[in-house]
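Undergrad: Fold the stuff below for me.
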Amino acid sequence: MNVGQAIRLCRTQRGVSQSAIATRANCSVSYLSMLENNKRDPTLSTVTKIAEALHVPVGLLFVLAADQNDLGEIDEHIAEQLMQSALASLETSANTTTQMGAHYG
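TA: Sure thing, here's the model as predicted:
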């Protein structure tokens, strides 16, 4: 499972700085950077705060973070569809946020 990569993917897809997310998630920029670079393992509460700061469901982060080994017996084709759906959801919600004029700071 690569939670750091999922956090970075969501953050960059949304065009948000590490500083903005760190502020909203109540953590330091250096800690967020270490998470994104897989140098630290976040707690569930930290992942939840970061998901809230990114305006994405925490489950989406876990889907994006999952490797095939993490998904157990799920067929590879289904796992790929799940990943594509998660990415499409991220793009759709990012477009909606932009259209609504939301500002991350």
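Undergrad: and residue 74, what is it in contact with?
TA: residue 82 (CB atoms under 8 Å, 6 or more residues apart in numbering). The C-beta positions use only the backbone N, C-alpha and C, and glycine is treated the same way.
Undergrad: per-residue confidence for it?
TA: At residue 74, the model reports a pLDDT of 75.
Undergrad: Tell me the secondary structure of it, please.
TA: For residue 74, the assignment made with DSSP: H, G, I helix; E, B strand; the rest coil gives coil.
Undergrad: For it, grab phi and psi.
TA: Main-chain torsions, residue 74, degrees, to the nearest 10: phi -70, psi 130.
Undergrad: Number the chain from 594, please
TA: Renumbered: residue one is now 594, and that last one reads residue 667.
Undergrad: quick one: residue 683 and residue 606 touch, right?
TA: Yes: counting by CB atoms under 8 Å, residue 683 does reach residue 606; the two are 5.4 Å apart.
Undergrad: tell me how far the ends of stretch 625-634 are from each other?
TA: End-to-end span of stretch 625-634 (CA to CA, to the nearest Å): 11 Å.
Undergrad: contact partners of that stretch?
TA: Contacts with stretch 625-634, where a contact means CB under 8 Å, 6+ apart, come from 595-598, 600-601, 604, 611, 614-615, 618, 624, 635, 639, 643.
Undergrad: When residue 683 and residue 606 are compared, which one has more neighbours?
TA: Between residue 683 and residue 606, residue 683 has the larger neighbour count (other CB atoms under 10 Å), namely 21 against 16.
Undergrad: For burial, what's the neighbour tally of residue 627?
TA: 16.
Undergrad: Report the rounded mean pLDDT for the host helix or strand of it.
TA: Assigned by DSSP states H and E, residue 627 falls within helix 622-629. For helix 622-629, the per-residue pLDDT values average out at 98.
Undergrad: Same question for stretch 648-661.
TA: Averaged over stretch 648-661, pLDDT sits at 87.
Undergrad: Neighbours of residue 599, how many?
TA: For residue 599, using other CB under 10 Å, the count is 25.
Undergrad: That one contacts residue 651, doesn't it?
TA: No: applying CB under 8 Å as the test, residue 599 and residue 651 come out as separate, 10.4 Å apart.
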